[in-house]
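[1] could you work out the structure for the sequence below:
(one chain, ligands or ions: 1)
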Amino acid sequence: MAKLREEVCWANKMLPACGLVTMHSGNASGYDPESGRLVIKPSGMDYDALTPEALVEVDVATGEVIGSRYRPSVDLPHHLFLYRRLEGVRGVIHTHSNYATAFAAVGRPIPLCLTAIADEFGAEIPCAPYVDNEGEHIGEAILRFRNRAPAILMGNHGVFAWGPSPKAALKAAVMTEDVAKTVHLAMQIGTPKPLDPEEAEKWYDRYHNRYGQPG
Ligand SMILES: [Zn+2]
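    Residues are numbered from 1 along each chain as shown. You can find the predicted model right below:
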């Protein structure tokens, strides 16, 4: 768990560093399927004060906190829900990042109008209708309204992003905010033009299958 704690601590500290959160808002977690446990930011802790050891370890099957003197983020139930229900997810991030949350405030998806959106998300970034944060309401809305994009806007609330590692989830959260900002700017000067679905598919395929260096 030491490596996962390092990764999740880093992902949390990147949230303010990337301008995605202010004060105590937002949180990142990571999941280790071998031990069946996740680690998540403690509730209300300053990002500056966060250390790998301070992260709260939780049994994903039972939701039980394992030997921590801190309480976990209040968003723990949504993180637990996603690890239990989304195959292959190892990192989850929640933010109220400004540009993306502006789309959530008006209940609009971020349209598939940029190659950068096709690359990372392969679809529009959907916006789920408002739900409260009781029980599994957020998790269930994510499952119901998500598409293949590794991020979703929650109406009147903010962003959830996920991926096969905490770093991948961070990238999805950063890219969500970045494309939201560009699309917002585009809307000031005109109407964003949808990307042709076949063209979008080409970008998505190239990015997911041929981009970067061989591993
Ligand atoms: Zn929130």
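[2] the helix ranked longest in the chain - contacts with which helices or strands?
    When the chain is parsed with DSSP state H, its longest helix is helix 166-189. Packing partners of helix 166-189 (3 or more C-beta pairs under 8 Å, 6 or more residues apart in numbering; DSSP states H and E): helix 2-17, strand 27-32, strand 91-95, helix 98-105, helix 115-120, strand 151-154, strand 158-163. Where C-beta positions appear, they are placed from N, C-alpha and C, glycine not excepted.
[3] out of these, which comes closest to Thr62?
    Comparing the helices and strands packed on helix 166-189 against Thr62 with C-beta to C-beta, the closest turns out to be strand 27-32 (14.2 Å).
[4] contacting residues around the residue nearest to the spatial centre of the chain?
    Centroid-nearest residue in the chain: Ala161, 1.7 Å away (criterion: C-alpha atoms, centre = their mean). Neighbour list for Ala161: Val92, Ile93, His94, Thr95, Pro150, Ala151, Ile152, Ala169, Leu170, Ala172, Ala173, Thr176 [criterion: C-beta atoms under 8 Å, 6 or more residues apart in numbering].
[5] other SSEs contacting the very next helix or strand once past the longest helix of the chain?
    Next helix or strand after helix 166-189 toward the C-terminus (DSSP states H and E): helix 197-209. For helix 197-209, the elements it packs on are helix 115-120, judged by 3+ C-beta pairs under 8 Å, 6+ apart.
[6] may I have the helix it packs on exported as PDB, CA atoms only?
    Taking Å, rounded to 0.1, in the frame of the first residue of the first chain, the C-alpha atoms of helix 115-120 are listed here in PDB:
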ATOM      1  CA  THR A 115     -10.000  16.700 -31.300                       C
ATOM      2  CA  ALA A 116      -8.700  16.900 -27.700                       C
ATOM      3  CA  ILE A 117     -12.100  15.800 -26.500                       C
ATOM      4  CA  ALA A 118     -12.100  12.900 -29.100                       C
ATOM      5  CA  ASP A 119      -8.600  11.900 -28.000                       C
ATOM      6  CA  GLU A 120      -9.200  11.600 -24.200                       C
END
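[7] following it, which helix or strand shows up next?
    Following helix 115-120 in sequence, per DSSP H and E, is strand 127-128.
[8] which residue comes closest to Ser128 once chain neighbours are left out?
    No, residue 128 isn't Ser; it's Ala. Spatial nearest neighbour of Ala128, excluding adjacent residues (C-beta to C-beta, 6 or more residues apart in numbering): Phe145 at 3.9 Å.
[9] thinking again about what came up before, show residues contacting the longest helix of the chain.
    Helix 166-189 has contacts (C-beta under 8 Å, 6+ apart) with 4, 7-8, 10-11, 14-15, 18-20, 28-30, 90-93, 95, 97-100, 102-103, 110-111, 113-114, 116-117, 120-121, 125, 150-151, 159, 161-163, 192.
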